[in-house]
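Asker: build me a structure from this.
(2 chains)
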2 protein chains.
Amino acid sequence: MSNFMQYAIQLAQMVDGQTGVNPPVGSVVVNDGRIVGIGAHLKQGDKHAEVQALDMAQEKAKGGTIYISLEPCTHYGSTPPCVNKIIEFGLSKVIYAVKDTTLPSEGDKILQDAGIEVEYQPSDEAAMLYKDFFKAKESKIPEITLKVSTSLDGKQATDNGQSQWITNKYVKQDVYQLRHSHDAVLTGNGTVDADNPQYTTRIQDGKHPIRIVLSKSGDIDFSKQMFQDNFSDIWIYTENQSLSSPSEHIKIINLTECKLANILADIYDRGVGKLLVEAGPRVTSEFLQTNYVNQLIIYYAPIIIGGSGQYQFYQTDEVIDLNEATQFEIISTELIHQNIKMTLRKK
Amino acid sequence: MSNFMQYAIQLAQMVDGQTGVNPPVGSVVVNDGRIVGIGAHLKQGDKHAEVQALDMAQEKAKGGTIYISLEPCTHYGSTPPCVNKIIEFGLSKVIYAVKDTTLPSEGDKILQDAGIEVEYQPSDEAAMLYKDFFKAKESKIPEITLKVSTSLDGKQATDNGQSQWITNKYVKQDVYQLRHSHDAVLTGNGTVDADNPQYTTRIQDGKHPIRIVLSKSGDIDFSKQMFQDNFSDIWIYTENQSLSSPSEHIKIINLTECKLANILADIYDRGVGKLLVEAGPRVTSEFLQTNYVNQLIIYYAPIIIGGSGQYQFYQTDEVIDLNEATQFEIISTELIHQNIKMTLRKK
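Answerer: Numbers count the residues shown, from 1 in each chain, chains lettered A, B, ... in the order given. Model (predicted):
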């Protein structure tokens, strides 16, 4: 693979988490051995990556090659089809890394009929970027990252519920980045009560995620600090029909049945493409028993907590046969100042 | 450091090697937690990175923050000062990673006087990107990477001069990338005679470097394949006043004295900012005895060649005291399919 495709993929990665239910896409236009335009899809509803790059290149695009992390679109959405723009600018070649399986695309043919060479140059890295996006678009459920901070023996707190500062401040920084790169963060009301968290992004110029709280009963303590700030909207999912919002940025969403399938479908419907789950053992375990989790990130602190394990991060009511225990693949491990970050996907 | 600065630096790295004697610069404009513009300096004489990013952002830049890998310029060169453009677009903050030591800059003050907050956010990675550029600009000598392919025992060929395929085809791919990211490649005429090389870039959409041949005597065999193709210009440095060019793309450059200092100054003067040296033991050793080499890249093949060492890559006429032997710092090592790439800098 040439570096130009790598650059297009890097551009896509830069905007990952700011495109809502649209895919993050990057594009580079090359002519006569040099880059003449770069682009990325910056926000749902905005210009596509190809259009940004071509607008930068202007007449220098003519006869050049455009590299795109994802196949160019052929449909009229909120913007006209990218293939039209590519034809109009007189490119001689289009190279893309991933085919968009969610669209009945005839892009290759349209481009070839216009005399433009088309090359599909598959990339594992780009495929990984869109795999969860395609799944999310088809299932209409957000891409989900589940984050756990735990001791070596799998506990989020002591039996008494003491949990502050298990992992270190460098892990906190890493989590801020995770929050920035997801549209929303989800937790249970039990964690709000116990830990009084804010779920904000304390990185420079970072984006605060929408904060989603699950509370079937609707027994909310609105004096908690999360409800006092208005860094970003808060959505509360509840079955309690009489719960009312004390503030404009807090939205009460009533569902007849507060089960994950319904909640997640509703969240996607409201424009959340990427969801981070940061919760206590109950909600964490509930997610881990479903097929919704695309990525599991565990931060291990080098301590052992012991006790009876009231706050083990994974607990189930039923005994699961060892052969049926969920298996993961380790995608990466990283040492963060004496804490370990492990990124996993279900096998 | 926030990821936005990292992105600006990545953008700069993408255009490294295509900006001639100008610096490679990247820029990202952020507003309300999201990227609204991205840019890079694509070519000497073209718009600067900040201008590209602001032109993409348009009115969305207002009140936002611009991240730039290098301090914005305050002077009229081939384009107007970037600080003016930043003020005009109503940014509220400027963050840059490297101060431009080659310019008597008052950019911080100009911006601050216009009510814009300025933050210098140093980055080792960005500093590394410009360190050699600053040195080159001050000395008016190109940034130089010297590349060596060798056996474990430090030889580029057997005593008989057999040298083909010491390192493997994956190393070749890596070298193509090196050629792409340098404006020119330099060798001695002895290597042209012995190996009949082309010094082209065989990567998709890659840029062929200008090819520079040193031949004090001017005893050139123009039937060699390098002189037959016209993938890129060839410059021949010689003291031979009667040597004439057989073809338009071959330029004969006569110097009264063909020593490195003169040759390199002339090369820089003609617009070459980054130079790759790929030569035999004579030219390689000549460069290694100077202070011109910024980066040394050695590819080791896992073989031992022995013999008397006619083609050891480093040979000097004089015996150097061990205490005065040149010391390097290892920047990185990489395994390339059973060959080792080692990147070094002088200590």
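Asker: please verify my assumption that A:Ser27 contacts A:Leu70.
Answerer: No - using CB atoms under 8 Å, A:Ser27 makes no contact with A:Leu70, being 9.1 Å away. No exception for glycine: its C-beta is placed from N, CA and C like everyone else's.
Asker: so for the two, which sits in the more crowded spot?
Answerer: Shown here are A:Ser27 and A:Leu70; by other CB atoms under 10 Å in any protein chain shown, A:Ser27 has more neighbours (30 against 27).
Asker: host element of that one?
Answerer: strand A:26-31 (DSSP states H and E).
Asker: who does the next helix or strand after that strand touch, helix- and strand-wise?
Answerer: Sequence order places strand A:34-40 as the next helix or strand after strand A:26-31, per DSSP H and E. Judged by 3 or more CB pairs under 8 Å, 6 or more residues apart in numbering or on different chains; DSSP states H and E, the packing partners of strand A:34-40 are helix A:3-14, strand A:26-31, helix A:49-57, helix B:3-14, strand B:34-40.
Asker: how about the residues of chain A that lie near chain B?
Answerer: Counting by CB under 8 Å from any CB of the partner chain, the positions of chain A adjacent to chain B are A:2-4, A:7, A:10-11, A:14-15, A:18, A:28, A:30, A:32-40, A:42-43, A:52, A:55-56, A:65, A:95, A:177, A:180, A:201, A:203-208.
Asker: and those residues, which are buried?
Answerer: A:2-4, A:7, A:10-11, A:14-15, A:18, A:28, A:30, A:34-40, A:42, A:52, A:55-56, A:65, A:95, A:180, A:201, A:203-208 (16 or more other CB atoms under 10 Å in any protein chain shown).
Asker: what's near enough to touch the residue nearest to A:Arg202 when sequence neighbours are not counted?
Answerer: Closest residue in space to A:Arg202, ignoring its immediate chain neighbours: A:Tyr176 at 5.2 Å, by CB to CB, 6 or more residues apart in numbering or on different chains. Taking CB atoms under 8 Å, 6 or more residues apart in numbering or on different chains as the criterion, A:Tyr176 is in contact with A:Thr201, A:Arg202, A:Ile203, A:Gly206.
Asker: can we see that at 6 Å?
Answerer: A:Tyr176 makes contact with A:Thr201, A:Arg202, A:Ile203, according to CB atoms under 6 Å, 6 or more residues apart in numbering or on different chains.
Asker: let me know the closest of those residues to B:Pro104.
Answerer: Using CB to CB, A:Ile203 comes nearest to B:Pro104 of the contacts of A:Tyr176, at 33.8 Å.
Asker: burial check on the nearest residue to A:Thr101 once chain neighbours are set aside, number of neighbours?
Answerer: Excluding the flanking residues, the one nearest A:Thr101 by CB to CB, 6+ apart is A:Phe134, at 5.4 Å. Counted with other CB under 10 Å, residues neighbouring A:Phe134 total 17.
Asker: the one 3 residues further on now?
Answerer: Around A:Lys137 sit 20 other residues, with neighbours defined as other CB under 10 Å.
Asker: so A:Val94, which of the three states?
Answerer: strand (DSSP: H, G, I helix; E, B strand; the rest coil).
Asker: partners of it in the sheet?
Answerer: Judged by DSSP bridges, the bridge partners of A:Val94 are A:Ile66, A:Val118.
Asker: would you mind measuring from it to chain B?
Answerer: The gap separating A:Val94 from chain B is 12 Å, by CB to the nearest CB, to the nearest Å.
Asker: so how far is the helix or strand of chain A with the lowest mean pLDDT from its chain's centroid?
Answerer: Sorted by mean pLDDT, DSSP states H and E, the helices and strands of chain A end with strand A:328-336, the least confident at a mean of 86. With CA atoms, centre = their mean, to the nearest Å as the basis, strand A:328-336 stands 18 Å off its chain's centre.
Asker: then that strand to PDB, C-alphas only?
Answerer: The C-alpha trace of strand A:328-336 is given here as PDB (Å, rounded to 0.1, in the frame of the first residue of the first chain):
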ATOM      1  CA  PHE A 328     -11.800 -12.300  23.100                       C
ATOM      2  CA  GLU A 329      -9.000 -11.500  20.800                       C
ATOM      3  CA  ILE A 330      -6.300  -9.200  22.200                       C
ATOM      4  CA  ILE A 331      -5.900  -6.300  19.700                       C
ATOM      5  CA  SER A 332      -3.300  -4.500  21.700                       C
ATOM      6  CA  THR A 333      -1.700  -4.000  25.100                       C
ATOM      7  CA  GLU A 334      -0.100  -0.800  26.200                       C
ATOM      8  CA  LEU A 335       1.800   0.200  29.300                       C
ATOM      9  CA  ILE A 336       0.500   3.500  30.700                       C
END
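Asker: helix or strand right after that strand?
Answerer: Per DSSP H and E, the first helix or strand lying C-terminal to strand A:328-336 is strand A:339-346.
Asker: list the buried ones in that following strand?
Answerer: A:Asn339, A:Ile340, A:Lys341, A:Met342, A:Thr343, A:Leu344.
Asker: now flag whichever of those residues is closest to A:Val293.
Answerer: Proximity of these to A:Val293 was ranked by CB to CB; the top entry is A:Leu344 with 9.5 Å.
Asker: so the nearest residue to that closest one once chain neighbours are set aside bridges to which residues?
Answerer: In this structure, A:Leu344 finds its nearest non-sequential neighbour in A:Phe328, 4.0 Å apart by CB to CB, 6+ apart. Residues in a beta bridge with A:Phe328, per DSSP bridges, are A:Lys346.
Asker: A:Phe328 reaches A:Tyr314, doesn't it?
Answerer: No - under the criterion of CB atoms under 6 Å, A:Phe328 is not in contact with A:Tyr314, lying 11.7 Å apart.
Asker: list the contacts for A:Gln198?
Answerer: Here A:Gln198 is in contact with A:Met226 (CB under 6 Å, 6+ apart).
Asker: show me the helices in chain A, by range?
Answerer: Here chain A has its helices, by DSSP state H, at A:3-14, A:49-57, A:82-88, A:107-113, A:124-139, A:169-180, A:189-195, A:225-228, A:260-269, A:281-288.
Asker: ok, A:Gly154 - contacts?
Answerer: Neighbours of A:Gly154 in contact, by CB under 6 Å, 6+ apart: A:Gln312, A:Phe313.
Asker: could you redo the last one with a cut-off of 8 Å?
Answerer: Per CB under 8 Å, 6+ apart, neighbours of A:Gly154: A:Gly309, A:Gln312, A:Phe313, A:Tyr314.
Asker: quick one: low-confidence ranges for the stretch 101-250 of chain A?
Answerer: For the stretch 101-250 of chain A, applying pLDDT under 70 flags the ranges A:165.
Asker: in it, which residue sits nearest chain B?
Answerer: Taking CB to the nearest CB, chain B has its nearest neighbour within the stretch 101-250 of chain A at A:Lys207, 3.0 Å off.
Asker: A:Leu42 versus the nearest residue to that residue once chain neighbours are set aside, what's the distance?
Answerer: Nearest residue to A:Lys207 in three dimensions, chain neighbours excluded: B:Gly33, at 3.0 Å (CB to CB, 6+ apart). Distance from B:Gly33 to A:Leu42, counting by CB to CB, to the nearest Å: 12 Å.
Asker: for A:Asp124, same thing?
Answerer: Looking at A:Asp124 against A:Leu42, where the rule is CB to CB, the gap reads 25 Å.
Asker: what do you get for A:Ala265?
Answerer: 27 Å.
Asker: now swap in A:Asn196 and tell me
Answerer: To A:Leu42, A:Asn196 is 34 Å away according to CB to CB.
Asker: per-residue confidence at A:Met1?
Answerer: What the model reports for A:Met1 is a pLDDT of 59.
Asker: common neighbours of B:Gly33 and A:Leu42, please.
Answerer: Joint contacts of B:Gly33 and A:Leu42 (CB under 8 Å, 6+ apart) are A:Gln18.
Asker: most proximal residue of the stretch 51-200 of chain A with respect to chain B?
Answerer: A:Thr65 (5.5 Å).
Asker: who's in contact with that residue?
Answerer: Contacts of A:Thr65 (CB under 8 Å, 6+ apart): A:Phe4, A:Val29, A:Val30, A:Asn31, A:Leu91, A:Ser92, A:Lys93, A:Val94, A:Ile95, B:Asp205.
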